[in-house]
Structure formats: C-alpha cells, structure tokens
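Trainee: predicted structure and sequence below. I'll ask about it afterward.
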Amino acid sequence: MAGRLASIDVGTNTVLLLVAERRGGVLAPVRERAEITRLGRGVDATGRLDPAAIRETVATLAAFAAEARALGAAEIACVATSAARDAANGAEFFEAARAAAGLSPRVISGDEEARLVYGSAFRDFGAGGPLAVLDVGGGSTEFIVGEGPEPRARTSLQVGAVRLTERHVRTDPARPEELAAMRAGAREALAPLAGLGAGAGARLVGVAGTVTTLAAVAQALPAYDAERVHGAELRLDEIERLLARLAALTVAARAALPGMEPKRADVILGGGLVVAEAMRLAGFDRLTVSDRGVRWGLLHELAGP
C-alpha cells in the first residue's frame, strides 16, 4: 500500500473519490467511488447551501476519507467546485468537513477546474492534434482547448445540469415549453463557445457524469462499466435522439433505464441539453467520452512527475 494517494472532488451534484498507486511509472486506480449528494441544490435560487445537502455531503466525505486512509493513502487532496464557490454560507460546509472528515476542501476557480480537467483528458486522448474538452457539471460548464499538455484557452460558464433544471422544470415529465426554455437557456449561457475556436481537426472529449451517463444509457449497460464508457464515442444526432427518448419519460421511468444512475434521472435532460448545445455552438458533431476529470488531474499533480 506504500505510495498510494487519494483525491476527492466535491461538485455541485456529485462527490467523487479516487485512490491510486504508482505502477510502472503510471497511476493505476485502486478504488473509485461516486455518490450523488447534490450539495448545490437550490444554490442558484437562494445563494446558500441547503443544510440537509451539507449534512449528506459531509457524511459522504467522512466515509470516503476513512476508506482512502484504510487503503493506505498517505495524502488526500480535496477540492470543491461550483456550489461551494457560489454559496454565501460555504464556510458552514468547510467547518463541518474539517470536523467530520479531517479534510479542508480547497475551493478551486473555474479556470483551475478547467486546467485540471484538460490535463486529465490530454493524458488519455491528447495525441494526434488539437484537443477540446467539455466538462458539464451540476452548476457550471468548462470548455478548454489546446494543442499540447497545457490549455491555450478556457472558459467557465454558469450553466449545468442542476442549475438549468432548477430554473426551468416544474412538471414530470417536463412540458415541451419547459424543454424549449432549457434549451434556450443553455444556448444563451453557452454563447461564448462560438468564439473559442478549437482548431481544424480538433477532437472533442466530454467529461463528467452527464456525458458518462448518456454513454451508459446509449449502450444499455446493466451496470456501470468504466472500460466500456471511457473512450466511447457519442454523435450529436445520437445524443439528440436519446434526449427525445428521455424527455418522453417520467423521472421514475428514466431512473429504471439500464445505464441510468437513478439519482441523476431528474437532471439528465438539463445536462444533456448543455452537452448538445455546446457541441453545436463549438462546431462538433461527435465527442469522445472520458470518465476521468478533476480528481485524476488533481492526483497527477499530487503525484508529480
């Protein structure tokens, strides 16, 4: 167990754990976990973290930290992203995390989040030309472009699966006008992507739970299989057909689909519309799926060369 390291990414929707060790000059995963706690629920409307969401997220953090330490992780890097950045009472969450988990999550900016995600995607998919990375989270979306290991341009936009859903959806299933409002809201928020050129022949990599869930549902996986999701390809027309299928279903019916993470069923349409509109605005008709993101970029930085 010597040399093991861990990273925890606390997002608006999901908390992710990675424990890895060095094997032959590379980092190999020992344990990966994800738990949807929706720390950012209601933040867009209230500007504050919900007390119940804080409790659930802190309990998950404590469990993940204990698991990482039991596996021999000498260091645990922990970062918090969109929800903690936006909330007026973020200090309550950080104090509770320190008390319960012995962790002090570091709030990272949208720019730093984008850099970590790009670094992770470049390691897996960066060979062979320009790279664009789309990271759709619960509260924000990052888009990063580059031609080498360092990004050339990046932007962080305040739209994500949870934020978009909370703004526009009141019925189950969502009414056509609610879906149209979500799509229009996504397009408006993502407008800056039209000017962030990725370069001729660029490859688009999609990161995070919305994209991996779409890939798992598209393949009707009976259980999540990282080897089948990581590196899979999704075309824009395929995503649009899948969104139309999901839109016709209630949240409960979506949750029962093979490949669907049940706790993501209520926000998958919002996230999928962000993906589709981002691809359209940035000029891509397909993307490569990555199930590695901030936690992998963070761990590579922690491990060093």
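Mentor: Okay, I see it. Every value quoted in this text rests on a predicted model; they were computed, and no experiment measured them.
Trainee: helix or strand right after the helix or strand hosting Ala84?
Mentor: Element membership for Ala84, per DSSP states H and E: helix 82-86. Next along the chain after helix 82-86, taking DSSP H and E as the criterion, comes helix 90-101.
Trainee: and the gap between Ala184 and Ala45?
Mentor: Here the distance between Ala184 and Ala45 works out to 19 Å (CB to CB, to the nearest Å). Any C-beta I mention is one placed from the backbone N, CA and C, and that applies to glycine too.
Trainee: repeat for Phe93
Mentor: 18 Å.
Trainee: and these two? which has more neighbours close in?
Mentor: Neighbours per residue (other CB atoms under 10 Å) separate Phe93 from Ala45, with Phe93 holding more: 24 against 10.
Trainee: and the more buried one, how far from Glu56?
Mentor: Counting by CB to CB, the gap from Phe93 to Glu56 is 11 Å.
Trainee: what about the stretch 101-250 of the chain, any weak spots by pLDDT?
Mentor: For the stretch 101-250 of the chain, the stretches with pLDDT under 70 are 197.
Trainee: now do the strands in the stretch 51-200 of the chain.
Mentor: 75-80, 106-107, 131-136, 141-146, 153-157 (DSSP state E, counting those that start in this stretch).
Trainee: export the one helix or strand Leu298 maps to as PDB, just CAs?
Mentor: In this structure, Leu298 sits in helix 294-303 according to DSSP H and E. In PDB, the C-alpha atoms belonging to helix 294-303 read as follows (Å, rounded to 0.1, in the frame of the first residue of the first chain):
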ATOM      1  CA  VAL A 294     -10.800  16.800 -11.900                       C
ATOM      2  CA  ARG A 295      -9.900  14.000  -9.500                       C
ATOM      3  CA  TRP A 296      -7.500  12.500 -12.000                       C
ATOM      4  CA  GLY A 297      -5.900  15.800 -12.900                       C
ATOM      5  CA  LEU A 298      -5.500  16.600  -9.200                       C
ATOM      6  CA  LEU A 299      -3.900  13.200  -8.400                       C
ATOM      7  CA  HIS A 300      -1.400  13.600 -11.300                       C
ATOM      8  CA  GLU A 301      -0.400  17.000  -9.800                       C
ATOM      9  CA  LEU A 302      -0.200  15.500  -6.300                       C
ATOM     10  CA  ALA A 303       2.000  12.600  -7.600                       C
END
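Trainee: show me what counts as buried in that helix.
Mentor: 294-300, 302-303 (16 or more other CB atoms under 10 Å).
Trainee: check stretch 107-122 too.
Mentor: Quick answer for stretch 107-122 (16+ other CB under 10 Å): 108, 110, 112-122.
Trainee: for that stretch, list the C-alpha coordinates in CSV.
Mentor: Below are the C-alpha coordinates for stretch 107-122, written out as CSV (Å, rounded to 0.1, in the frame of the first residue of the first chain):
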residue,chain,number,x,y,z
VAL,A,107,-12.2,25.9,-3.4
ILE,A,108,-10.9,26.0,-6.9
SER,A,109,-11.8,28.6,-9.5
GLY,A,110,-13.5,27.7,-12.8
ASP,A,111,-10.1,28.3,-14.5
GLU,A,112,-8.3,25.9,-12.3
GLU,A,113,-11.1,23.3,-12.6
ALA,A,114,-10.7,23.6,-16.4
ARG,A,115,-6.9,23.2,-16.3
LEU,A,116,-7.2,20.0,-14.2
VAL,A,117,-9.8,18.5,-16.4
TYR,A,118,-7.8,19.3,-19.6
GLY,A,119,-4.7,17.8,-18.1
SER,A,120,-6.5,14.6,-17.4
ALA,A,121,-8.1,14.4,-20.9
PHE,A,122,-4.8,15.2,-22.6
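Trainee: please report phi then psi for the spatially most central residue of the chain.
Mentor: Central residue of the chain (CA atoms, centre = their mean): Ala208, 3.1 Å from the mean position. Main-chain dihedrals, Ala208, degrees, to the nearest 10: phi 90, psi 180.
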